[in-house]
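Q: make a model of this:
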Amino acid sequence: MTLYLAGRHPRTPWYAKAAAISVAAYALSPIDLIPDFVPVFGYLDDLLLLPLGIALSIRLVPSDVLDECRQLASERLASDAPRSRSAAIVILLVWLAFAALLGAWFVRSLLA
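A: This is a model prediction of the structure:
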């Protein structure tokens, strides 16, 4: 959350914004550089790239901006801000559709 806020802060230099937003997007993205199902190497990118990207982003963002973003992030996470129920419903529907497809496939394979 801190890197996301730092990436959007007006006093953050463009190169630090690019690094912070890239790291935050990669961390939240369901697509990895190396898929997780690849033995050993699948988690290697998560264990190496993310910490290195976070460290680089922290070094590039000015310290006063970083402190301000850390405080704002902790306030936002501690508040009882409304959560997106529509996003939760969409995710639930996707999982239910996946379960229905899996169940249909299973039933067809038993009947075949």
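Q: secondary structure class for residue 37?
A: coil (DSSP: H, G, I helix; E, B strand; the rest coil).
Q: now it: how far from residue 19?
A: Distance check for residue 37 against residue 19: by Cβ to Cβ, to the nearest Å, it reads 28 Å. Yep, even glycine has a C-beta here, placed from its N, CA and C like the rest.
Q: center of the protein, which residue is that?
A: Against the mean C-alpha coordinate of the chain, by Cα atoms, centre = their mean, the closest residue is residue 28 at 1.3 Å.
Q: spit out the contact partners of that residue.
A: Contact criterion Cβ atoms under 8 Å, 6 or more residues apart in numbering gives no residues in contact with residue 28.
Q: quick check, pLDDT for it.
A: Residue 28 is assigned 76 on the pLDDT scale.
Q: now swap in residue 80 and tell me
A: On the pLDDT scale, residue 80 gets 68.
Q: sketch out the low-pLDDT regions of the protein for me.
A: Residues of the chain that meet the criterion pLDDT under 70 lie in 80-83.
Q: how about the helices in it?
A: For the chain, the helices defined by DSSP state H occupy 2-8, 14-28, 41-60, 63-78, 85-111.
Q: buried sites along the second one?
A: Applying a neighbour-count criterion of 16 or more other Cβ atoms under 10 Å, the buried positions in helix 14-28 are 16, 17, 19, 20, 21, 23, 24, 26.
Q: isn't the third one up against residue 53?
A: Yes. Counting by Cβ atoms under 8 Å, residue 53 is a contact partner of residue 19 at 7.0 Å.
Q: doesn't residue 6 make contact with residue 23?
A: No. Under the criterion of Cβ under 8 Å, residue 23 makes no contact with residue 6, lying 10.2 Å away.
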